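1. Okay, sequence plus prediction incoming.
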Amino acid sequence: MPYVLAQNPRTAINATIQRASVAARAAMNRFDGETLAQLQAIYQQASHEIQSQINAFANVDGALTLNTLQPLKAQVDQVLNNLDRASMTLLNGSLTEAASLGANPFAEILTGSAMSRISTDAVNFVHNFVANDGLQLSDRIWRVSNNAHQVIGNAIESAIIQGHGASQAVNHLLANGLPIPADLQSKLNAANAVGVGRASVNALMTGAGSPRANALRLFRTEMNRAHGEAYMMGGADHEDFGGWRFLLSPRHPEADECDMHARVNRYGLGAGVYPTRKACPWPAHPNTLSYVEIVFKDEITADDKAGKENRIDWLNGQISSIQHGVLNSRGKQGMLHAGLLKENQILTPWVTLKSRLISKGIDPDGLVVRATN
């Protein structure tokens, strides 16, 4: 007599894993938010300390003289060194916790020692992983740190040196009874403690390319990587394993390559399902909150197998906005509509493909993008 689903131990365990996977993603989202808030607080504290150091070097009228430049930069560098240490401590602990959250869904089929080993292996993977640009995690950490020292040092140096020159010019004008132009006064104001502090804090904290923004991006990318790698290590040897489903983040802002990865039935296993870790394109880019989810063999249907499609066919079936979001280029979209785009060129930069078209005697400007609904 066949088992009723609820009475089948393997089915019950698999259902438990699926529920635990949902819970682990929710826990990871919370942990991501909490950790980035802690990192934000570390940077905020550093910005306050930088302002305090700048104030301490100002004279009675708040001005910063040229002879304070080097000792002030040395003190600010020390603040940034402390920032680096605090950030690294937070990152190391966060990677371990993220990996643990990734392994947790497989507690039903793994021993405690196996889960501990998987978490350790996932963290080691993150540290040793070499991205397409040839950089490892240690290289990225150094870049964030070095950028902070450079941009803040430059902000302090520029303000004080310009203020020194402006001060000399103002003294000359005053001695000759001449008015002070607004631009000179502005440079003087920028060289006082308030102005230098504002410039330094802005350099550290403000904008998409600031050290703070780069650090937040690095944390999110690597924590998510630790979580996902541990999850896949935990489920890869499951006897009912059928594939890995690429899941879009609920906070996915607009169409990009992730939409393709999550929706194309490339292997006949279902939309966004990949047969191995190597075949799975997760994570598609940095700063992502997309996840992977285990798919069991009995979830793969006859329709999934019959619906296998390549990525070009999938793209041709999408509306224009999805095509453009995935391809990130009107030129590549024109190649798609002209039947010139190959599957292995989907993620190739347009500038590269444009040169190839020209070398073949094809006018890139003649490619027409048709409206698709």
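-> Cool, got the structure.
2. For stretch 271-280, what is the distance to the chain centroid?
-> Centroid separation for stretch 271-280 versus its chain: 21 Å, with CA atoms, centre = their mean, to the nearest Å.
3. lowest average confidence, helix or strand, in this structure?
-> helix 182-190 (a mean of 54; mean pLDDT, DSSP states H and E).
4. Show me what the longest helix that the chain contains packs onto, helices and strands only.
-> For the chain, the longest helix by residue count, based on DSSP state H, is helix 9-57. Using 3 or more CB pairs under 8 Å, 6 or more residues apart in numbering; DSSP states H and E, the elements in contact with helix 9-57 are helix 69-103, helix 193-205, helix 211-235, strand 291-296. For every residue, glycine as well, the C-beta is placed using N, CA and C.
5. The nearest residue to residue 25 once chain neighbours are set aside - how many residues pack around it?
-> Sequence neighbours aside, residue 291 is the residue nearest to residue 25 in space, at 5.3 Å (criterion: CB to CB, 6 or more residues apart in numbering). Neighbour count of residue 291, defined by other CB atoms under 10 Å: 24.
6. can you tell me how far residue 291 sits from residue 251?
-> Using CB to CB, to the nearest Å, residue 291 is found at 12 Å from residue 251.
7. SS state for the nearest residue to residue 65 once chain neighbours are set aside?
-> Spatial nearest neighbour of residue 65, excluding adjacent residues (CB to CB, 6+ apart): residue 59 at 6.7 Å. Put simply, residue 59 is coil when judged by DSSP: H, G, I helix; E, B strand; the rest coil.
8. Could you check the pLDDT of residue 164?
-> On the pLDDT scale, residue 164 is placed at 48.
9. Okay, residue 42 and residue 201: tell me how far apart.
-> For residue 42, the distance to residue 201 (CB to CB) stands at 14 Å.
10. Compare neighbour counts for those two and give me the winner.
-> Neighbour count, other CB under 10 Å: between residue 42 and residue 201, residue 201 has more, with 21 against 18.
11. Not counting its neighbours along the chain, what's nearest the more buried one?
-> With sequence-adjacent residues excluded and distances taken as CB to CB, 6+ apart, residue 201 is closest to residue 47, at 4.5 Å.
12. hmm, who's touching stretch 242-250?
-> Here stretch 242-250 makes contact (CB atoms under 8 Å, 6 or more residues apart in numbering) with 25, 232, 258-259, 261-262, 267, 269-270, 272-277, 280-282, 288-300.
13. let's go with 6 Å and repeat that
-> Stretch 242-250 is contacted by residues 258, 261-262, 269, 272-275, 280, 282, 289-293, 295-297, 300 when judged by CB atoms under 6 Å, 6 or more residues apart in numbering.
14. coming back round to it: can you redo the helices and strands packed on helix 9-57 as a markdown table with distance to residue 141 and mean pLDDT?
-> Below are the helices and strands packed on helix 9-57 laid out as a markdown table (distance: least, CB to CB, whole Å; pLDDT from 0 to 100):
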| stretch | distance to residue 141 | mean pLDDT |
| --- | --- | --- |
| helix 69-103 | 7 | 96 |
| helix 193-205 | 16 | 87 |
| helix 211-235 | 7 | 97 |
| strand 291-296 | 24 | 97 |
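15. could you dump these to TSV with distance to residue 129?
-> Listed next are the helices and strands packed on helix 9-57 as TSV, based on distance: least, CB to CB, whole Å:
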stretch	distance to residue 129
helix 69-103	12
helix 193-205	28
helix 211-235	7
strand 291-296	16
